[in-house]
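1. fold the following, please.
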Amino acid sequence: MIRLLLALLHLLLPYILTATPSEISVADLMSHLEFLESATEPHDSRVNFELGLTYQLLADATNTDDAAGVDVIFALGIDSLRSKAEEFYTACLAEDPSNADALSNLAQLISAKNLDDTSITIITELYERAI
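-> Model (predicted):
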């Protein structure tokens with residue numbers, strides 16, 4: 001029963017949540033990314049989460065009215081941005097395995113790539129851990 005509810009949540013989540021708030025510009029996201037990347041190494045779980053979120057928001061910001069911003073996103077490569085987001089969420093979870101935000105955002109990234117049986121199992125496990 002819980003797997004069914006989680007699968008339903010996974011299908012409805014993109015319609016419930018707006019990935020990129022319209023008031024955040026690509027320039028603001030790039031500035032935030034530059035600030036975070038300058039943080040002292042190694043990054044703690046919070047910095048890794050923020051980096052993952054910023055890369056994810058950049059990858060999803062292609063619906064912006066800012067033509068220059070869209071050009072920046074395509075120059076960086078949407079798949080590359082999503083891969084970086086996944087990398088930082090994974091690093092966050094290595095330090096804080098129960099971070100519900102990182103778990104659900106990582107599940108969302110994986111679901112955006114593909115929905116084969118293995119991915120569905122991973123997504124379900126991530127959402128179960130997040131709950």
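2. quick check: chain neighbours aside, which residue is closest to Val46?
-> Small correction: residue 46 is Arg, not Val. Counting by C-beta to C-beta, 6 or more residues apart in numbering, Arg46 lies nearest to Cys92, which is 7.8 Å off, once chain neighbours are set aside. From N, CA and C alone the C-beta is placed, and that goes for glycine too.
3. count the residues that sit near the one you found.
-> Cys92: 27 surrounding residues under other C-beta atoms under 10 Å.
4. the most centrally placed residue in the chain and Val47: what is the separation?
-> Centroid-nearest residue in the chain: Gln56, 4.0 Å away (criterion: C-alpha atoms, centre = their mean). According to C-beta to C-beta, to the nearest Å, Gln56 and Val47 sit 15 Å apart.
5. element containing the residue nearest to Arg46, please.
-> In this assignment (DSSP states H and E), Cys92 forms part of helix 78-95.
6. do the same with Met30
-> Assigned by DSSP H and E, Met30 falls within helix 26-37.
7. then that helix to PDB, C-alphas only?
-> This file holds the C-alpha atoms of helix 26-37, laid out as PDB (Å, rounded to 0.1, in the frame of the first residue of the first chain):
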ATOM      1  CA  VAL A  26      19.400  32.800 -13.700                       C
ATOM      2  CA  ALA A  27      21.900  35.500 -12.800                       C
ATOM      3  CA  ASP A  28      20.900  35.200  -9.200                       C
ATOM      4  CA  LEU A  29      21.300  31.400  -9.300                       C
ATOM      5  CA  MET A  30      24.700  31.800 -11.000                       C
ATOM      6  CA  SER A  31      25.800  34.200  -8.300                       C
ATOM      7  CA  HIS A  32      24.600  31.900  -5.600                       C
ATOM      8  CA  LEU A  33      26.400  29.000  -7.200                       C
ATOM      9  CA  GLU A  34      29.700  31.000  -7.400                       C
ATOM     10  CA  PHE A  35      29.300  31.900  -3.700                       C
ATOM     11  CA  LEU A  36      28.700  28.200  -2.700                       C
ATOM     12  CA  GLU A  37      31.500  26.900  -4.800                       C
END
